[in-house]
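In: what would the 3D arrangement of this be:
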Amino acid sequence: MNAVCKLIAALLLAIVVLPSSARAAQSEAPMQIQVQVRAPDGSPAPQGSLCEMDLENTEMLDEGQTDSAGKCRFVPQGHNIYLIRIKAAGYLEARARVDLQNSSTWYGDITLKPDPSRAPPAAVAGAPISAAALAIPGPAKKEFDKATQSLQNHDLDEGVGHLKKAIELYAQYPQAYAMLGAAYNQQKKWQDAQGALQKAIQLDPNEADAYFQLGATLNQEKDYVGAEKALKQGFQLVPEPAEGAAPHYELGFACFSQGRWQDAEPQVAKTIAAQPDFPLAHWLMAQIMLKKGDGQGAINEFQTYLKLDPNGPAAPSVRAVIPKIQAAIAKK
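Out: Residues are numbered from 1 along each chain as shown. Reported below is the predicted structural model:
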């Protein structure tokens with residue numbers, strides 16, 4: 001190993017200890033709106049339903065479609081108030097007001113309502129409402145809906161309370177457990193999140209989002225093998241999740257943390273392609289570049305991280321390490 005590679009290896013050891021503190025702040029940096037669109041029976045909305053993101057009372061900014069899990073995702077460009085519109089054949093237009101003036105992320109459910117003048121495609125085809133959806137008692141569904149509204153308003157404690165009530169009323173409610181696990185993740189209550197998400201998967205092995213959330217939880221608990229397994233199970237169900245960046249980042253982080261930077265690199269590359277303004281993706285890619293012995297590539301990624309998140313938890317260490325890499329390259 002030449003001098004440059006030896007120094008790069010030493011620098012990597014000096015900064016690789018930061019992931020836990022850096023990742024704990026990851027929700028503060030990337031802006032995103034994630035929407036779970038549901039049919040009236042609680043099942044995922046039809047794939048290909050039109051999703052629009054507008055600035056409130058002004059022009060449309062972006063549009064997309066729901067994936068096979070009934071999800072869509074937007075990356076807003078600034079702190080503002082947005083309006084999400086969902087349009088699907090046979091249903092009334094559904095809307096949600098998203099206030100990101102003082103926050104960076106929004107996660108929520110939007111339930112479609114049938115258009116009385118037009119039968120939804122499922123009704124035309126004679127498709128029955130699922131037995132699982134019919135089994136959910138009305139009071140439990142009301143608590144679930146209240147939880148959704150509370151979480152949309154960024155009131156995690158109130159949302160968790162409603163979800164617990166929903167589960168008390170109906171213990172076989174996988175969507176409630178999955179949402180509860182996601183809420184616990186936002187509260188950084190990793191063990192509580194793990195228990196809720198594992199229960200959601202036990203009740204519904206096809207709940208892809210629960211696998212993705214569980215992978216993030218297990219990464220936080222440093223169970224990287226378990227995280228990788230959960231994330232890959234999620235990708236088997238939904239190869240291209242609406243969340244896009246986050247699941248790929250978590251899988252890349254799990255692989256890198258097991259010493260497999262070669263497996264981590266394509267996942268982190270997909271993260272950056274899906275969300276170029278995700279600071280920690282560039283931070284992790286820089287460490288992959290160091291593992292490859294590509295000092296200049298690492299500098300480029302570290303500089304992008306600093307541009308996107310100049311006051312981030314890893315910023316002081318990154319600023320200190322860049323000149324050392326530059327000096328190592330100069331001596332080559």
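In: helix, strand, or coil at R85?
Out: On the three-state scheme (DSSP: H, G, I helix; E, B strand; the rest coil), R85 is labelled strand.
In: for D62, see how far away it is.
Out: 11 Å (C-beta to C-beta, to the nearest Å). No exception for glycine: its C-beta is placed from N, CA and C like everyone else's.
In: next: Q152.
Out: According to C-beta to C-beta, Q152 stands 19 Å off from D62.
In: settle it for me: which of those two has more neighbours?
Out: Taking other C-beta atoms under 10 Å, Q152 and D62 do not tie; Q152 has more neighbours (18 against 14).
In: tell me the pLDDT at that one?
Out: pLDDT, Q152: 73.
In: isn't it right up against A96?
Out: Yes: using C-beta atoms under 8 Å, Q152 is in contact with A96, at 6.9 Å.
In: hang on, the earlier thing: spit out the residues that contact R85 and D62 alike.
Out: E52 (C-beta atoms under 8 Å, 6 or more residues apart in numbering).
In: quick check: mean pLDDT of stretch 272-292?
Out: 90.
In: list the buried ones in it?
Out: 272, 274-275, 277-291 (16 or more other C-beta atoms under 10 Å).
In: try stretch 83-103
Out: Buried, per 16+ other C-beta under 10 Å, within stretch 83-103: L83, I84, R85, I86, A88, G90, Y91, A94, A96, V98, L100.
In: between the two ends of it, how far is it?
Out: 15 Å (C-alpha to C-alpha, to the nearest Å).
In: which residues touch Q36?
Out: P44, A69, G70, K71, Y107, G108, D109, I110, D209.
In: ok but it is inside a strand, no?
Out: Yes: counting by three-state DSSP, Q36 is found in a strand.
In: quick one: pLDDT of it?
Out: Looking at Q36, its pLDDT reads 86.
In: likewise K331?
Out: 81.
In: count the neighbours of P239 for me.
Out: 10.
In: pull up the gap between it and E221, please.
Out: Distance from P239 to E221, by C-beta to C-beta: 26 Å.
In: what's the answer for G42, then?
Out: G42 is 30 Å from E221, by C-beta to C-beta.
In: ok, the two, which is more surrounded?
Out: Neighbour count, other C-beta under 10 Å: between G42 and E221, G42 has more, with 18 against 13.
In: and what about that one, helix, strand or coil?
Out: At G42 the chain is in coil, as set by three-state DSSP.
In: wait, it sits on P174?
Out: No: look at G42 against P174 with C-beta under 8 Å: they stay out of range, at 10.1 Å.
In: L251: which of the contacts of Q36 is nearest?
Out: Ranked by distance to L251 (C-beta to C-beta), these are led by D209 at 14.6 Å.
In: next, count neighbours for Q186.
Out: 16.
In: wait, what's in contact with the residue lying closest to it once chain neighbours are set aside?
Out: Sequence neighbours aside, L156 is the residue nearest to Q186 in space, at 5.8 Å (criterion: C-beta to C-beta, 6 or more residues apart in numbering). Residues near L156 by C-beta under 8 Å, 6+ apart: S150, A183, Q186, Q187.
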